Each structure stands twice: as C-alpha cells, then as structure tokens.
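In: Fold the following and give me the result.
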Amino acid sequence: MSNLLYLNASPRGEQSASTQAAQLYLDALPSSVQVTRVNLFEAQLPEFTPVLAEAKQQVTMGQSLSGDAKAEWAAITQLVTQFLAADHYLLAVPMWNFSVPYKLKQYIDLITHPNLTFAMGEKGMQGLASGNAVVVYSRGGDYSPKDGKPDPFDFQSPYLAAWFGLVGLGPVTDVLVQRTMAGPNATADAVAGAKDQLISLAQSLATN
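Out: Next up is the predicted model:
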C-alpha cells in the first residue's frame with residue numbers, strides 16, 4: 001500500500017478545470033494507492049502569527065518551546081508529518097494572476113522550514129521529503145514554454161519547480177490544461193486533451 005497526498009488549490013469545486021483533470025488521475029489510480037485529500041480552501045490552515053514566527057526562530061536556533069508557541073508550532077508539525085508521510089503527490093493548481101492561488105502559497109509557507117522539510121548539508125540544501133509528483137496546471141490562456149524557455153507570464157511552474165527541488169520531490173510531471181477561457185466548451189476540451197496523459201501517469205503507480 002502506498003500513500004498519495006492530493007492538494008487541491010481551487011475553491012471552485014467540480015467547476016474547476018484543474019479539479020476535473022485531477023479527478024481523472026484519481027479515478028485511474030491502482031487500488032493499492034491510498035489517497036489523502038486536502039482541499040486548501042476548506043482546510044483550517046493556521047495563520048502565521050507573531051507567536052508562530054517567534055516559535056520558528058526558536059526551533060531554528062535549537063531552543064525549546066512552551067505555552068502558546070509550543071501549541072502553535074504543533075499545528076505546523078502536524079501538517080509536515082502529513083506531507084512527509086506520502087509516497088506520491090498530486091496537485092491541482094489553477095493560475096491566478098500568472099501565479100498560484102494564495103492558499104497554496106500559505107500551505108507552502110507553513111510547511112517549509114529548516115530541519116522539517118529541508119536541511120542544510122555539506123552540499124547545500126537537501127530536501128527531506130521523497131516521492132514523485134504530478135501537477136495539474138489549469139490556465140485560461142496558453143502559457144506553454146516558448147522557444148525552449150518558460151512563458152514570461154508563467155510564474156506557476158517555475159515557482160513550484162523550485163519548491164519541489166527544495167523539499168526533495170521528484171520526478172515531477174507537469175500536466176497542462178490550458179485555454180480554458182477560449183469558448184463555452186473550452187474547459188471540457190482542455191480537460192479531455194489531458195485525459196490520456198493523466199490516466200497513464202496514474203496507472204504507472206502500479207509498478208512503483
């Protein structure tokens with residue numbers, strides 16, 4: 001039995017193109033894969049309070065915590081434990097203002113800390129997570145790479161690629177669901193265009 005963590009960064013439910021595409025992947029998973037679903041717009045994510053900021057500094061400096069700092073930091077370590085427990089990762093990420101939705105950024109800020117999801121070693125930063133990831137990027141327009149370079153307005157995939165590398169996930173496969181605003185049938189067409197890739201990726205976990 002392997003574990004897959006599904007992070008959904010859209011608040012639009014079944015109307016979301018990224019959610020629809022991610023569901024194709026989930027439906028094709030082998031029965032041996034157990035899925036943990038986290039809807040980031042419904043999850044009660046902790047706020048990064050001054051107490052929590054101070055707790056992070058104390059933990060980084062190797063100091064012990066007590067009182068409110070200890071309680072707030074416990075919520076962080078709970079999220080990190082859930083994140084590190086996965087063998088595979090699936091993210092549904094719509095493009096918001098050329099980047100990622102703020103709830104995904106909040107989640108990343110909450111779990112990305114020294115000695116929790118990455119550590120400093122002799123060769124630089126080393127990720128403490130492991131496992132492969134599939135990222136469904138939904139976009140109203142076409143923000144595919146141009147001439148072998150990222151589209152200048154694509155701040156989604158470069159940012160997440162850097163973060164995946166920091167925390168140690170790989171390989172990471174991008175699935176593009178684009179031009180979802182190109183007409184009344186655009187979302188359905190965009191999702192359908194990614195169907196075969198998503199099913200193949202999901203079924204490949206049977207051999208992992």
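In: so the most centrally placed residue in the chain bridges to which residues?
Out: Nearest to the centroid of the C-alpha atoms of the chain, with distances taken as C-alpha atoms, centre = their mean, sits L91, at 4.5 Å. With DSSP bridges as the criterion, L91 is bridged to L7, V135.
In: what do you get for K149?
Out: K146.
In: So what's the residue count around it?
Out: Other residues lying near K149 total 8 when counted by other C-beta atoms under 10 Å. Every C-beta, even on glycine, is put in place using the N, C-alpha and C of the backbone.
In: Just the pLDDT for it.
Out: Confidence per residue is given as pLDDT, and for K149 that number is 85.
In: do you know how far it is from G141?
Out: With distances taken as C-beta to C-beta, to the nearest Å, K149 is found 17 Å from G141.
In: on that earlier part again, tell me the contacts of the residue nearest to the centre of the chain?
Out: Listed by C-beta atoms under 8 Å, 6 or more residues apart in numbering, the contact set of L91 reads 6-9, 104, 133-136, 160.
In: Let's see if you can find the most crowded of those residues.
Out: Across the contacts of L91, the neighbour count under other C-beta under 10 Å reaches its highest value at V136, namely 31 neighbours.
In: In contact with that residue, which residues?
Out: Taking C-beta under 8 Å, 6+ apart as the test, what V136 contacts is 18, 21-22, 25, 90-93, 175, 177, 194, 198.
In: now swap in M95 and tell me
Out: Listed by C-beta under 8 Å, 6+ apart, the contact partners of M95 are 137-140, 143, 156.
In: Strands along this protein, start to end?
Out: Chain-ordered strands for the chain, with DSSP state E as the definition, fall at 2-8, 33-39, 88-94, 118-121, 124-127, 132-138, 172-177.
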